[in-house]
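> Okay, predicted coordinates and the sequence, questions at the end:
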Amino acid sequence: MAKGKHYWLLKTEPGEWSWEDQAANGGVTKWDGVKNKQAQKHLKSMKLGDLCFFYHSGTSARRVVGVVSVVKEWYSESSDKNTDVVVDVKAVGEMRRLVDLKDMKQDGELKGFVLFRQPRLSVMPVPEEVWKRICELGNGFEGDGLGKDVSDEEEGLG
């Protein structure tokens, strides 16, 4: 990983908190409700500006749908800082192409990714090379400054 910048994956059930909810909320929300100690440790390791894949989990939709950035490092809203770990994240942009779990599993460059080894973990680090590959599979994300929106290409603007 690049020094100073780290990458993460945050899982959410679309029925609990979807990408649409994130975007409709002014793009900013607190990421809370994480009970697993390992996932909490990952939240505590996040720094301002770190980027996170926004991943829809569940039976009908297992895919990377967007990217958020950390806008407030971990804090607690209760007196027990060991059980209540929260970070604030802001929507950066939706993936230009949603990246399904099955597509990631079939990609040889992603072999060994923690998502495949610990599928129940809700917050996990993403190595830089894995981050780049998933971004390639998704044709980047809106706001990445690297690609063109599909709608722009279709309209002959790109």
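That came through fine. Residues are numbered from 1 along each chain as shown.
> most residues in a single strand of the chain, which one?
As assigned by DSSP state E, the longest strand anywhere in the chain is strand 86-100.
> mean confidence for it?
What strand 86-100 shows for mean pLDDT is 97.
> Would you indicate which residues of it are buried?
Across strand 86-100, burial judged by 16 or more other Cβ atoms under 10 Å covers 86-89, 91-96, 98-100. All C-beta spots, glycine's among them, are computed from the backbone N, C-alpha and C.
> what does stretch 98-108 give?
Buried residues in stretch 98-108, counted by 16+ other Cβ under 10 Å: 98-101, 103-104, 107.
> Just give me the closest of those to Lys35.
Leu101 (22.5 Å; Cβ to Cβ).
> Now for the closest residue to that closest one other than its chain neighbours: which residues touch it?
Distances taken as Cβ to Cβ, 6 or more residues apart in numbering put Arg62 closest to Leu101, at 3.9 Å, once the chain neighbours are dropped. Counting by Cβ atoms under 8 Å, 6 or more residues apart in numbering, Arg62 touches 55-56, 100-102.
> which of those residues lies closest to Lys5?
With Cβ to Cβ as the yardstick, the closest approach to Lys5 among these comes from Tyr55, at 19.1 Å.
> what bridges to that closest one?
Lys11, Val64 (DSSP bridges).
> cool, and Ala91?
Beta-bridge partners, per DSSP bridges, of Ala91: Val68.
> Can you verify my assumption that it contacts Glu20?
No: assessed by Cβ atoms under 8 Å, Ala91 is found out of contact with Glu20, at 10.3 Å.
> what sits in contact with each of those two?
Residues within reach of Ala91 and of Glu20 at once, by Cβ under 8 Å, 6+ apart: there are none.
> that older thread, for the residue nearest to Leu101, give me the pLDDT.
In this prediction Arg62 is given a pLDDT of 96.
> same check, this time on the one 5 residues further on
Confidence per residue is given as pLDDT, and for Val67 that number is 98.
> Looking at the contacts of Arg62, which one is closest to Ser78?
Nearest to Ser78 among the contacts of Arg62 is Tyr55, at 26.2 Å by Cβ to Cβ.
> can you pull the contacts of the closest one?
Tyr55 is in contact with 9-12, 62-65, 115, counting by Cβ under 8 Å, 6+ apart.
> so where's the protein uncertain?
Residue ranges of the chain with pLDDT under 70: 1-3, 81-82, 147-158.
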